[in-house]
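In: Build me a model from this:
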Amino acid sequence: MTDKGASVIICCFNSAARLPETLQHLNRQRVPDDFQWEIVLVNNASKDDTVAVAQAIWSAQTPHNAVCRIVDEMQPGQMFARKRGAKEALYECLVFCDDDNWLGPDYVYVAWETLQRDARIGAAGGQNAPVSDVAAYPDWFDAYKAYYATGVPAPSSGDITERGYIVGAGLVTRKSLFLEALSDRYPTVLNGRNGHSLSTGDDFEYIKRLQLWGYTLYYDERMQLQHFIPRERLTLAYRDRLLEGIREATAILANYEHALYILKQVAHKNKRKLVLLGPLRMFLARAKLVRRDYETERMRYFYLAPFNVKGTPIQQSIKKFLHRN
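Out: Sure, this is the predicted structure:
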């Protein structure tokens, strides 16, 4: 695996109509002559001409210094496709480009540069602008556009770990970290969109896992993309289906948020001492002999204790990941 390079992973399910513009934007990437990169198109059980469209475009033109190839992932689901793409990738720097993402001309090289800033950066992103084939957006769109993976994360480039998330459209991360955090050893709860299902949150679950391991999140304003939103996704029916998927994912992600909150509380405390005193602190809180919340004490003990303590399946999953068991 070469260090100076990047792998752009495009996960496709029936993407024939969306791919041409996406690939044309990738054809316009500007990279130095000594920078190698690739496009890995993951065909995720498509039933249309996705593969033929990509091959036709690449036979006419390929990006500067890039290799373009196609791999198959027959198990439906965005996260399964992303994992397949990551496994096949030649480079440590991964750029996840959805089939409707139009990357700005410097996106790929800036993505690589961003990860070189600090080994603690686990994931990075840029600013995502909406673009559509409608004459005007619906009146409600401005209030909901963040749910369509668009927006500007911060006023300027810098650490956005406190923000707590980076959207999956244009997500930049490290291959080794991605494959370890999402290995079969640590099954994910959220596996992303599956065909026509609008299940979501898989990218956020990955980001929360990075934070559990102490990695930071970074925003680079030079990374800019346009997220194409066709008219059929700007209906109230589609919006409400999207929001339902987000609500379901949010309920799961709340468990990660709680774990991160607890870790932040004890960041500068003696964790071994907290574990040893845990049963006593819980007893005193439950008996209301101290001004402490019992549930907070219980969850603190749960996540810090290196041994098995009763918890829900999702809490057990988070704890296993946290302790790298």
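
In: What residues sit buried inside the longest helix belonging to the chain?
Out: Ranked by residue count, the top helix of the chain under DSSP state H comes out as helix 236-265. By 16 or more other Cβ atoms under 10 Å, the buried positions in helix 236-265 come out as 239, 242, 245-246, 249, 252-253, 255-256, 258-260, 262-263. From N, CA and C alone the C-beta is placed, and that goes for glycine too.

In: just how off-centre is that helix within its chain?
Out: Computed by Cα atoms, centre = their mean, to the nearest Å, the chain-centroid distance of helix 236-265 equals 14 Å.

In: What is the helix or strand just after it packed up against?
Out: Toward the C-terminal end, the helix or strand that comes next after helix 236-265 (DSSP states H and E) is helix 271-286. Counting contacts by 3 or more Cβ pairs under 8 Å, 6 or more residues apart in numbering; DSSP states H and E, helix 271-286 is packed against helix 294-304.

In: contacts for the helix it packs on?
Out: Here helix 294-304 makes contact (Cβ atoms under 8 Å, 6 or more residues apart in numbering) with 258-259, 262-263, 265-266, 271, 274-275, 278-279, 281-282, 285-286, 309-311, 315, 318-319, 322.

In: what's the angle from the next helix or strand after it to helix 236-265?
Out: Going down the chain from helix 294-304, the next helix or strand is helix 313-322, by DSSP H and E. For helix 313-322 against helix 236-265, the angle between stretch directions is 50 degrees (axes from the mean of the first three to the mean of the last three Cα atoms, to 10 degrees).

In: Spatially nearest residue to the most centrally placed residue in the chain (excluding sequence neighbours)?
Out: When Cα atoms, centre = their mean is applied to the chain, the residue found nearest the centroid is D203 (2.8 Å). In this structure, D203 finds its nearest non-sequential neighbour in G168, 3.1 Å apart by Cβ to Cβ, 6 or more residues apart in numbering.

In: show me what contacts the residue nearest to the centre of the chain?
Out: Residues near D203 by Cβ under 8 Å, 6+ apart: 96, 166-168, 171, 192.

In: Check the secondary structure at it for me.
Out: Under the three-state scheme (DSSP: H, G, I helix; E, B strand; the rest coil), D203 adopts helix.

In: picking that back up, tell me what the longest helix of the chain is packed against?
Out: Counting by 3+ Cβ pairs under 8 Å, 6+ apart, helix 236-265 packs on helix 202-212, helix 294-304, helix 313-322.

In: Quick one: those as TSV, columns for distance to W37 and mean pLDDT too.
Out: Listed next are the helices and strands packed on helix 236-265 as TSV, based on distance: least, Cβ to Cβ, whole Å; pLDDT from 0 to 100:
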stretch	distance to W37	mean pLDDT
helix 202-212	22	95
helix 294-304	40	96
helix 313-322	31	96
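
In: Packed most tightly, which of those would that be?
Out: Across these, averaging neighbours per residue (mean count of other Cβ atoms under 10 Å) puts helix 202-212 on top, at a mean of 22.

In: Can you name the next helix or strand after that one?
Out: Sequence-wise, the next helix or strand downstream of helix 202-212 (DSSP H and E) is strand 216-229.

In: now the angle from that following strand to helix 236-265?
Out: 180 degrees.

In: Report the buried residues of strand 216-229.
Out: Neighbour-count burial for strand 216-229 [16+ other Cβ under 10 Å]: 216-220, 223-229.

In: neighbouring strands for that strand, and are they parallel or not?
Out: Note on strand 216-229: by DSSP bridges, its sheet partners are strand 101-103 (antiparallel), strand 121-132 (parallel), strand 158-159 (antiparallel).

In: Surely the residue nearest to D203 is in contact with E205?
Out: No - judged on Cβ atoms under 8 Å, G168 makes no contact with E205 at a distance of 10.3 Å.

In: For L26, grab the count of nearby residues.
Out: 25 (other Cβ atoms under 10 Å).

In: same check, this time on D118
Out: A count of neighbours around D118, defined by other Cβ under 10 Å, yields 12.
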